[in-house]
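K.L.:
Give me a model of this one.
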Amino acid sequence: MVLGTAAQKYMMGLADQQEVLLNCADIIMDAYQMETAVLRAKKIAVAKSEDAAARYIDIASVYCNALKRFTKNNSPINTIAARQRIAAELIEKNKYVY
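P.N.:
Predicted structure coming up:
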């Protein structure tokens, strides 16, 4: 969507718009990271249980929350509560566990 809009606006001059291309690359990397987070959470939920994957689901949900305006998924997520659950587990273990 973003690359198409940039191509329409700049046409043949898009190659000279390095900042636009840099931002497009950042969006692509973010989308890849979001997909990876969701797939990892699903994989853990299937292999172990949804309870075992709960914090991974929280992490993916918080990270993907920015996409809600571009998708039809309008399920609200309480990002504050999810972040608190993530932090509580890290504090309890006293190390990074993900």
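K.L.:
Let me see the ranges of the helices in this structure.
P.N.:
Ranges of helices within the chain are 2-10, 18-47, 54-64, 79-93, based on DSSP state H.
K.L.:
how about those, which one is nearest Lys72?
P.N.:
Nearest of the helices of the chain to Lys72, taken as CB to CB: helix 54-64 at 13.7 Å. In short, each C-beta sits where N, CA and C put it, glycine included.
K.L.:
Report the inter-axis angle for the closest one versus helix 18-47.
P.N.:
Going by axes from the mean of the first three to the mean of the last three CA atoms, to 10 degrees, helix 54-64 is angled at 160 degrees with respect to helix 18-47.
K.L.:
Give me whichever of the helices of the chain is most buried.
P.N.:
Burial of those is given as mean neighbour count (mean count of other CB atoms under 10 Å); helix 54-64 ranks first at a mean of 19.
K.L.:
Determine the set of other helices and strands touching it.
P.N.:
helix 18-47, helix 79-93 (3 or more CB pairs under 8 Å, 6 or more residues apart in numbering; DSSP states H and E).
K.L.:
What is the last one packed up against?
P.N.:
When contacts are defined as 3+ CB pairs under 8 Å, 6+ apart, helix 79-93 packs onto helix 54-64.
K.L.:
With the longest one instead?
P.N.:
For helix 18-47, the contact count by 3+ CB pairs under 8 Å, 6+ apart identifies helix 2-10, helix 54-64 as packing neighbours.
K.L.:
I'd like those helices laid out as a markdown table, including mean pLDDT and distance to Ile86.
P.N.:
A markdown table is the format used below for the helices and strands packed on helix 18-47 (pLDDT from 0 to 100; distance: least, CB to CB, whole Å):
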| stretch | mean pLDDT | distance to Ile86 |
| --- | --- | --- |
| helix 2-10 | 91 | 29 |
| helix 54-64 | 95 | 5 |
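K.L.:
coming back round to it: distance to Lys72 added to the helices of the chain, as a markdown table?
P.N.:
Listed next are the helices of the chain as a markdown table, based on distance: least, CB to CB, whole Å:
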| stretch | distance to Lys72 |
| --- | --- |
| helix 2-10 | 19 |
| helix 18-47 | 16 |
| helix 54-64 | 14 |
| helix 79-93 | 19 |
